[in-house]
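Undergrad: Make a model of this:
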Amino acid sequence: MPPPPLRGDVSRQEELFRAVRSVDRWTLIDCLFNVIRQSPRAQEVIAQLLFTETYYETDDTRSASSEYEPEEEDGWTADEKEEEEAEAEREAEAERAAEAERRAREQESEQEDEEYPEAFDEDEGHYDEVDEEEEEEEAAPITTYKRKRVASGAAIYQIAQTKRAKIANDRAATYQPVHPICRLRYQLCRNCKTQFDHEDNHRNSCLRHRGHKEAIQEAEVWDGMDDCRGRLIDWADDEEYAEGFEWTCCGRFGSNLGCVVSQHRG
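TA: Here you go, the predicted model:
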């Protein structure tokens, strides 16, 4: 691919420097990878710039340098390193020996159990022969008790089931079955106290206020003549004097339908 034409009297090297400074990071990395693949000389130069002792700051990255010696860097000599390895080997050998001894004791205990199946008398300090007939006689009362307990539990469960069935039959005979879907189409909303249709009840159909109406003393509809027109609170629901009242929850005039929007609830 031919090189791009130069602009004016600027040399190719200076123009290339400006182009490198203007490109983004990932484009520059791609260009660097292509140069490394195509030019062995570029590989040597970049390796000389990157793989140095002073550039790396941790042991993992410094180990990439061929001149790095971790023993000398960390203050370890060859003798100290060999002694440390020998100590670790001795500890591992001791752990293996302890594990082998534990397994040997377990095997010995299992063999003794197989050789002496009779019971051990702690008072006499020796093994006694086990009388199978005597053992069966001692276990007989326990077996009988367990059998009776299981039978009693089954009987109690059967009685409880019978009582539940009787109660269910009595309730079914007392109450008439009503389908849960049966309901009135038109009902009074418990929120806004207005009648609504269940078949036309959308999510924003219910408008209401959480507060109450309060008279505005500075309103034009108020002339201060309680004796002439009666108590001001009696006019709260009169559309003619709607602008003389405001809702305490939102501060809007009394003619406002509501500041809370929801769905009608029957």
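
Undergrad: And residue 99, what's its pLDDT?
TA: At residue 99, the predicted lDDT confidence score is 90.

Undergrad: Now for residue 82, which secondary structure element holds it?
TA: For residue 82, the element it lies in under DSSP states H and E is helix 78-115.

Undergrad: Near residue 242, how many other residues are there?
TA: Per other CB atoms under 10 Å, the neighbour tally for residue 242 reads 17. To be clear about C-beta, it is placed using only N, CA and C from the backbone, and glycine gets the same treatment.

Undergrad: typed the wrong thing, it's residue 91
TA: 10.

Undergrad: just the one 10 residues further on next, same as before
TA: When neighbours are defined as other CB under 10 Å, residue 101 has 10 of them.

Undergrad: Same check on residue 95?
TA: By other CB under 10 Å, the residues close to residue 95 number 10.

Undergrad: Show the contacting residues for it.
TA: By CB atoms under 8 Å, 6 or more residues apart in numbering, no residues touch residue 95.

Undergrad: picking that back up, any buried residues in the helix holding residue 82, and which?
TA: Under the neighbour-count criterion of 16 or more other CB atoms under 10 Å, helix 78-115 has nothing buried.

Undergrad: And the strands in the stretch 1-150 of the chain, which stretches?
TA: Using DSSP state E, counting those that start in this stretch, the strands of the stretch 1-150 of the chain run over residues 119-121, 126-128.

Undergrad: How many residues are close by the closest residue in space to residue 259 that isn't next to it in sequence?
TA: Once flanking residues are discounted, residue 259 sits nearest to residue 250: 4.0 Å by CB to CB, 6 or more residues apart in numbering. Counted with other CB under 10 Å, residues neighbouring residue 250 total 14.

Undergrad: Residue 211 is in contact with residue 250, correct?
TA: Yes: applying CB atoms under 8 Å as the test, residue 250 and residue 211 come out as touching, 7.2 Å apart.

Undergrad: What's the separation between residue 33 and residue 258?
TA: Distance from residue 33 to residue 258, counting by CB to CB, to the nearest Å: 67 Å.

Undergrad: let me redo that: residue 99
TA: Computed as CB to CB, the residue 99 to residue 258 distance reads 80 Å.

Undergrad: Contacts only, for residue 88.
TA: Contacts of residue 88 by CB under 8 Å, 6+ apart: none found.

Undergrad: Sticking with residue 184, tell me its helix or strand.
TA: Counting by DSSP H and E, residue 184 is part of no helix or strand.

Undergrad: Find me the pLDDT at it, would you?
TA: 78.

Undergrad: Could you do residue 243 as well?
TA: Taking residue 243 on its own, its pLDDT is 76.

Undergrad: for the nearest residue to it once chain neighbours are set aside, phi and psi?
TA: Nearest residue to residue 243, sequence neighbours excluded (CB to CB, 6+ apart): residue 253, at 5.3 Å. Here is the backbone geometry of residue 253 (degrees, to the nearest 10): phi -60, psi 160.

Undergrad: Could you list everything residue 253 pairs with in the sheet?
TA: Counting by DSSP bridges, residue 253 forms beta bridges with residue 246.

Undergrad: Now for it: which residues touch it?
TA: Contacts for residue 253 (CB under 8 Å, 6+ apart) come out as 242-243, 245-247.

Undergrad: Wasn't residue 207 part of a strand?
TA: Yes: Residue 207: assigned to a strand according to DSSP: H, G, I helix; E, B strand; the rest coil.
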